[in-house]
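>>> Fold the following for me, if possible:
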Amino acid sequence: MTPATSYRKGTTVTEPSPDGRIRRRSRRTSRIVVPLTVVSAIVAGTVLSGCAQQRDEDVYTVMNSSTDESYHRWDGDTLERCSKQLGITIEQQSVPAAQLMTKALRMASSKSLPDVLQLDASEMPTFAEAGGLIPLKDLGLSTTDIPEGIVDFGSFDGKYYGAARTVNTLALFYNKDTLAKAGLEVPTTWAEMQSTAKQLTQGKRYGLALSAGGAEDGVFQFTPFMWSNGGDESKLDTPEVAEALDYWKALLKDGSLSKSTVNWTQADVNDQFMAGNAAMMINGPWQVETLNAKKGLNWGIAEIPVPEAGDDSVGPLGGGVLTVPNTGDTERERTAAKIIGCMAGEQEQITYALNSWMVPANTKAAAVWRTKAPELAALAGQVATARSRTAKVGAQWSSVSLALQSAFQSALTGQSSEAALKRAQQQVTSGN
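The predicted structure is shown next:
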């Protein structure tokens, strides 16, 4: 049975949910890539049937991946407040992130889609392209006070389908005590980071840790280097992308990165940093709670260094977006949009961001958040220039990601970056 929390007239009944959302703080779960043709066939069959789905008219459902106890509780609190505000009953259904798309497709085929579906932003275009989502502006939701990059984060083909409550990105975390003892400043350029990392590499300690594994973690971590150097995911075999990959190779050759980098997830990177085996790391705010639990660890955060001084540090936006599935029931779809409007309201964004160490999507909410989480100020700056992985390639992102994963493994274990990326581009172009 799907984990669920129901809110009816102030009464809360919570069923146990398996621990899956903990990936945000420890280990990212590999997602199942569902081919667009499969998504299109299933969703089109549902939409074209012309029949609205049979539902309990008194209960609205929100399906998400909040299976971790903390996230499930935080979302539950939000939905309880929204149910009272809107005068309706809202039920939360949580499934592990890696299974969410598959679960949604099964529900589409059986005409039992939820009223609100939270998708990872990188997966949303696939569902939208198949005709499975309703544009939020058509349902009365506005993008006022939402930065353009975050609007793009929730958009496909120029239409706004997904509202983000909070977003995350990557930053440079560093051990303040280690840098101070070495008399070194926090690096801001690639040259400075390479020099600093090399000087901090001593004994079992590496100067820098990052994830270059053959999974989405590695691609997520590569994008700041690719984008800040002018590279583009729509064409992987360019000098700019190769230079970014060559920079990683140079760090590996210097010994500043562990050879295990090609196998590490972002959780592994955090483990190395916390154990004192890395002086700096590239990681995200989902690690902050764990970092703060380590006694004696004096850490700081800064924007990811750029190729040359004055360049923008352009990182990837991460997180989920709230969408309204195309169920054929216009009245319920409009109510679903009101649920999203409540969940993504300014105060709800601030509350959720403070709980989860993310950054509010709304500009006004983010300004308040900065005063309450000053230790993450650099992260707010990084978010300001961050962008969506799917903004340029849309539903093709999954193919780009898989091709890049293969390129990392080849280039970091001996092949030239140019050859690895040429093959990656061929892989994307051919669809194989």
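>>> how many neighbours does residue 310 have?
8 (other CB atoms under 10 Å). Heads up, the C-betas are built off the backbone N, CA and C, glycines and all.
>>> Looks to me like it is in a helix.
No. The assignment for residue 310 is coil, going by DSSP: H, G, I helix; E, B strand; the rest coil, so no helix is present there.
>>> Please report the distance of it from residue 240.
Residue 310 sits at a distance of 17 Å from residue 240 (criterion: CB to CB, to the nearest Å).
>>> Mind listing the residues bridging to the residue most central in space within the chain?
Ranked by distance to the mean C-alpha position of the chain (CA atoms, centre = their mean), the top residue is residue 318 at 2.3 Å. Taking DSSP bridges, one obtains residue 168 as the residues bridged to residue 318.
>>> quick one: the residue lying closest to residue 120 once chain neighbours are set aside from residue 66, how far?
The shortest distance from residue 120 to any residue that is not its chain neighbour, by CB to CB, 6 or more residues apart in numbering, is 5.7 Å, and that residue is residue 320. Computed as CB to CB, the residue 320 to residue 66 distance reads 9 Å.
>>> In this structure residue 299 contacts residue 173, no?
Yes. With contacts counted by CB atoms under 8 Å, residue 299 reaches residue 173, the gap being 5.8 Å.
>>> what is in contact with these two at once?
Shared contacts of residue 299 and residue 173, defined by CB atoms under 8 Å, 6 or more residues apart in numbering, are found at 273, 291.
>>> which of the two has more neighbours?
In this comparison of residue 299 against residue 173, neighbours counted by other CB under 10 Å, the higher total goes to residue 173 at 25 against 20.
>>> For the more buried one, list the residues it contacts.
Taking CB under 8 Å, 6+ apart as the criterion, residue 173 is in contact with 273, 280, 281, 282, 283, 287, 291, 299, 300, 301.
>>> same deal with residue 425?
Residue 425 makes contact with 235, 236, 237, 403, according to CB under 8 Å, 6+ apart.
>>> next one: residue 370
For residue 370, counting by CB under 8 Å, 6+ apart, the contacting residues are 377, 380.
>>> what about stretch 134-148, start to end distance?
End-to-end distance of stretch 134-148: 20 Å, with CA to CA, to the nearest Å as the criterion.
>>> Name the nearest residue to residue 166, sequence neighbours excluded.
residue 358 (3.6 Å).
>>> what about that neighbour, neighbour count?
28.
>>> Residue 283 versus that one, what's the distance?
Per CB to CB, residue 358 is found 14 Å from residue 283.
>>> Next: residue 173.
Separation of residue 173 from residue 283 (CB to CB): 6 Å.
>>> helix/strand/coil for residue 211?
The three-state label given to residue 211 by three-state DSSP is coil.
>>> residue contacts, it?
With contact set as CB under 8 Å, 6+ apart, residue 211 has these partners: 217, 218, 220, 221, 261, 264, 265, 266, 268, 269, 282.
>>> just for this structure, where's the confidence low?
By pLDDT under 70, the low-scoring segments of the chain are 1-56, 432.
>>> And the strands in it?
Residue ranges of the strands in the chain, as given by DSSP state E, are 4-8, 11-14, 59-64, 89-94, 116-120, 155-156, 159-160, 166-167, 171-175, 206-209, 278-283, 299-302, 320-323, 359-360.
>>> Quick one: the ones you listed as CSV, columns for distance to residue 192 too.
Below are these laid out as CSV (distance: least, CB to CB, whole Å):
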stretch, distance to residue 192
strand 4-8, 48
strand 11-14, 50
strand 59-64, 40
strand 89-94, 43
strand 116-120, 33
strand 155-156, 36
strand 159-160, 39
strand 166-167, 27
strand 171-175, 11
strand 206-209, 12
strand 278-283, 11
strand 299-302, 11
strand 320-323, 34
strand 359-360, 26
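>>> Can you say which of those strands is packed in most?
Using mean count of other CB atoms under 10 Å, the stretch among the strands of the chain with the largest mean neighbour count is strand 359-360, at a mean of 29.
>>> Would you check the distance separating that one from the middle of the chain?
Averaging C-alpha positions (CA atoms, centre = their mean, to the nearest Å) puts strand 359-360 12 Å from its chain's average.
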